[in-house]
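> the following block contains a protein sequence and its predicted model.
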Amino acid sequence: MAEDYFAGDPRSNRERMLAGDLYIADDPDNERLHDRAVRLSDEYHRALVVGDASARALLSDLLGTLGEGAHINAPLFVDYGENIHVGARTFVNYNLTALDVATITIGEDCQIGPNVQLLTPTHPIDPQPRRDKLEAAKPITIGDNVWLGGSVIVCPGVTIGANSVIGAGAVVTRDIPAGVVAVGNPARVVRTIE
């Protein structure tokens with residue numbers, strides 16, 4: 001039974017999640033915050049479609065932080081929104097999926113292509129804990145002035161250094177240093193940017 005995993009741990013599943021520890025995603029606060037994020041994402045999308053000036057305020061309410069001049073095209077898909085921090089002047093194209101069970105930090109002046117996925121959740125390799133619905137998460141950090149091509153997938157725990165370019169369709173499974181071009185699945189550095 002899943003209760004055995006947390007014997008002697010008085011924390012809620014949400015507290016475990018935020019600490020980066022194993023948890024079960026049945027916490028009532030998580031459910032409430034997820035429902036809020038889905039509603040705000042939908043309202044943001046609808047406001048953009050009709051040119052409603054309230055769109056930016058809705059996005060700002062959804063995210064943890066939204067830098068000056070940053071813009072995210074809708075639709076936008078998030079778990080909670082509150083764990084996403086977007087730097088000034090960053091542009092995100094359509095269909096960003098940002099599963100923010102852990103913190104996602106996007107630097108300033110970034111360009112993020114369509115259909116990018118930023119995925120912080122992790123799951124146990126052993127089958128029984130997966131059957132028991134255990135999961136955890138690792139934060140994602142994207143430095144300033146990074147360009148992520150379309151359909152890039154960034155895996156849990158990855159840091160992408162400033163001034164780097166990640167080619168379209170890349171799957172980033174490990175840290176990428178600053179000032180490089182990386183492509184492929186898994187993403188590998190193919191050149192340094194002078």
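Right, received. Where do you want to start?

> and the gap between Glu135 and Ile142?
22 Å (CB to CB, to the nearest Å). Every C-beta, even on glycine, is put in place using the N, C-alpha and C of the backbone.

> for these two, indicate the residue with more neighbours.
Ile142 (27 against 17; other CB atoms under 10 Å).

> SS state for the residue nearest the centre of the chain?
For the chain, Ala98 is the residue whose C-alpha lies nearest the centre (CA atoms, centre = their mean; 3.3 Å). Secondary structure, DSSP: H, G, I helix; E, B strand; the rest coil: Ala98 is strand.

> what's near enough to touch the residue nearest to it when sequence neighbours are not counted?
Distances taken as CB to CB, 6 or more residues apart in numbering put Leu118 closest to Ala98, at 4.5 Å, once the chain neighbours are dropped. Residues in contact with Leu118 (CB atoms under 8 Å, 6 or more residues apart in numbering) are 96-100, 104, 140, 142, 154.

> let's go with 6 Å and repeat that
98, 104, 140, 154 (CB atoms under 6 Å, 6 or more residues apart in numbering).

> and His71, how far is that from Gly113?
For His71, the distance to Gly113 - CB to CB - is 14 Å.

> more neighbours: those two, which one.
Set His71 next to Gly113 and count neighbours by other CB under 10 Å: Gly113 wins out with 21 against 15.

> against Val92, how distant is the more buried one?
9 Å.

> all helices for this protein, in order.
Applying DSSP state H to the chain gives helices spanning 13-19, 28-49, 55-62, 127-131.

> the second one to helix 55-62, inter-axis angle?
Here helix 28-49 runs at 170 degrees with respect to helix 55-62, directions being taken by axes from the mean of the first three to the mean of the last three CA atoms, to 10 degrees.

> what bits of this protein have low per-residue confidence?
Where the chain drops to pLDDT under 70, the residues are 1-3.

> ok, back up a step: would you turn the helices of the chain into CSV with mean neighbour count?
As requested, the helices of the chain are exported to CSV (neighbours: other CB atoms under 10 Å):
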stretch, mean neighbour count
helix 13-19, 19
helix 28-49, 16
helix 55-62, 18
helix 127-131, 11
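
> for those helices, which one sits closest to Pro186?
Closest of the helices of the chain to Pro186 is helix 127-131, at 22.5 Å (criterion: CB to CB).
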